[in-house]
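> sequence plus predicted model, see below.
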Amino acid sequence: MDWGMQNRMAQLIQPDGRCLFLPVDHGYFQGPTRRLEQPRKTLEPLLPYADAVFITRGVLRSSVDPGRAKPIILRVSGGTSMVGKDLANEGITTSIEEVIRLNATAMGISIFVGTDYEHESLLNLAKLVDEGERYGIPVMAVTAVGKELGKRDARYLALCCRIAAELGARVVKTYWCEEGFEKVVEGCPVPIVMAGGPQTDTELEVFEFVYDGIQKGAIGVNLGRNIWQNDHPVAMIQAIRAIVHQNATPKEAHELFEGLKSKAA
Ligand code: 5RP
């Protein structure tokens with residue numbers, strides 16, 4: 001691996017081999033998502049606890065101070081919306097020159113395995129990997145499931161993750177699943193991070209799945225709504241950080257969350 005690629009990977013994955021990525025890219029197809037209406041306001045208190053931020057160029061330029069930024073994973077796929085015909089019909093939205101100009105540490109792109117746009121999205125990933133490798137910029141593939149969260153079973157996720165790795169992604173973001181998540185990790189030769197999905201009913205549910213996923217081999221999270229849609233986002237990110245970087249159990253993370261919450265009140 002070339003020095004530049006190694007250096008960028010080291011900015012993303014911390015010396016303990018783990019990472020906490022904070023995604024705030026949701027607006028690229030969801031518009032002003034709840035509690036991300038003003039990205040700067042959402043992001044600023046959370047930045048100190050994130051290892052990297054997953055974000056589009058528009059929100060990066062408008063809402064992140066370049067003097068105080070964390071490593072950036074630039075969301076470079078899109079072109080669809082919640083109200084359009086098909087969320088899977090994404091293209092590459094950002095040139096490699098723009099990625100370099102913005103000094104991004106990595107690029108992120110969604111793939112839509114099993115949809116009408118599987119072929120296009122996989123070729124988009126391959127093309128992006130070619131461009132990224134030319135300049136030493138890693139690609140994180142996002143195994144998107146669109147509106148069909150029911151598809152989150154181990155067989156499907158393992159298929160998506162393996163394909164993403166085979167096409168050259170350096171990191172793969174996928175969903176945790178209750179049964180067989182270890183098989184998803186085992187079948188993927190590059191590191192896996194877990195997304196959170198829509199907000200869960202309780203904080204403990206998040207702590208439990210993050211802990212379980214890490215035990216089963218994920219290196220961390222790329223977890224958004226369950227942090228910034230929570231009533232106590234700063235306590236939430238610190239509790240998740242404790243699981244990722246300090247091996248806190250779900251119970252310990254919950255105690256930390258409750259403690260930080262009452263301290264802030
Ligand atoms: C949105 C994404 C998000 O980065 C990913 O889904 C993680 O966010 P959340 O934890 O809110 O699901 O790719 O397109």
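Good, I have the coordinates.

> can you pull up the bridge partners for the residue in the stretch 1-150 of the chain that the ligand sits nearest to?
Going by CB to the nearest ligand atom, the ligand is nearest to Pro23 of the stretch 1-150 of the chain, at 3.0 Å. Quick note: C-beta positions are derived from backbone N, CA and C, even for glycine. Applying DSSP bridges to Pro23 gives these bridge partners: Phe54.

> isn't it right next to Asn222, touching?
Yes: counting by CB atoms under 8 Å, Pro23 touches Asn222, with 5.3 Å between them.

> name the residues contacting each of the two.
Phe54, Ala195 (CB atoms under 8 Å, 6 or more residues apart in numbering).

> neighbours around the residue nearest to Pro138 when sequence neighbours are not counted, how many?
Leaving out its chain neighbours, the residue that sits closest to Pro138 by CB to CB, 6 or more residues apart in numbering is Arg170, at 3.7 Å. Arg170: 24 surrounding residues under other CB atoms under 10 Å.

> in contact with Arg170, which residues?
Met5, Met9, Ala106, Pro138, Val139, Met140, Val190, Pro191.

> any stretches of this protein with poor pLDDT?
For the chain, the stretches with pLDDT under 70 are 146-151.

> who in it is up against the ligand?
23, 25-26, 54, 142, 195-197, 222-226 (CB under 6 Å from any ligand atom).

> tell me which of the residues you listed fall in helices.
Here DSSP state H is the test, and those give Arg225, Asn226 as lying in helices.

> residue closest to the middle of the chain?
The residue lying closest to the centre of the chain (CA atoms, centre = their mean) is Asn222, at 3.1 Å.

> tell me which residues in the helix or strand that contains Gly213 are buried?
Gly213 is part of helix 203-215, with elements assigned from DSSP states H and E. By 16 or more other CB atoms under 10 Å, the buried positions in helix 203-215 come out as Glu203, Val206, Phe207, Glu208, Phe209, Val210, Tyr211, Asp212, Gly213, Ile214.

> surely the last one and His245 touch.
No: no contact is recorded between Ile214 and His245 when judged using CB under 8 Å, the distance being 10.0 Å.

> what do these two both touch?
Joint contacts of Ile214 and His245 (CB under 8 Å, 6+ apart) are Arg18.

> picking that back up, who's in contact with the helix holding Gly213?
With contact meaning CB under 8 Å, 6+ apart, helix 203-215 is reached by 18, 176, 181, 194, 196, 200, 220-221, 223, 226, 230, 236, 239-240, 243-244, 247-250, 253-254, 257.

> circling back: what about the residue of the stretch 1-150 of the chain closest to the ligand, how many neighbours?
26.

> which ones are touching it?
Taking CB under 8 Å, 6+ apart, we find Pro23 in contact with Val53, Phe54, Ile55, Ala195, Asn222, Leu223, Gly224.
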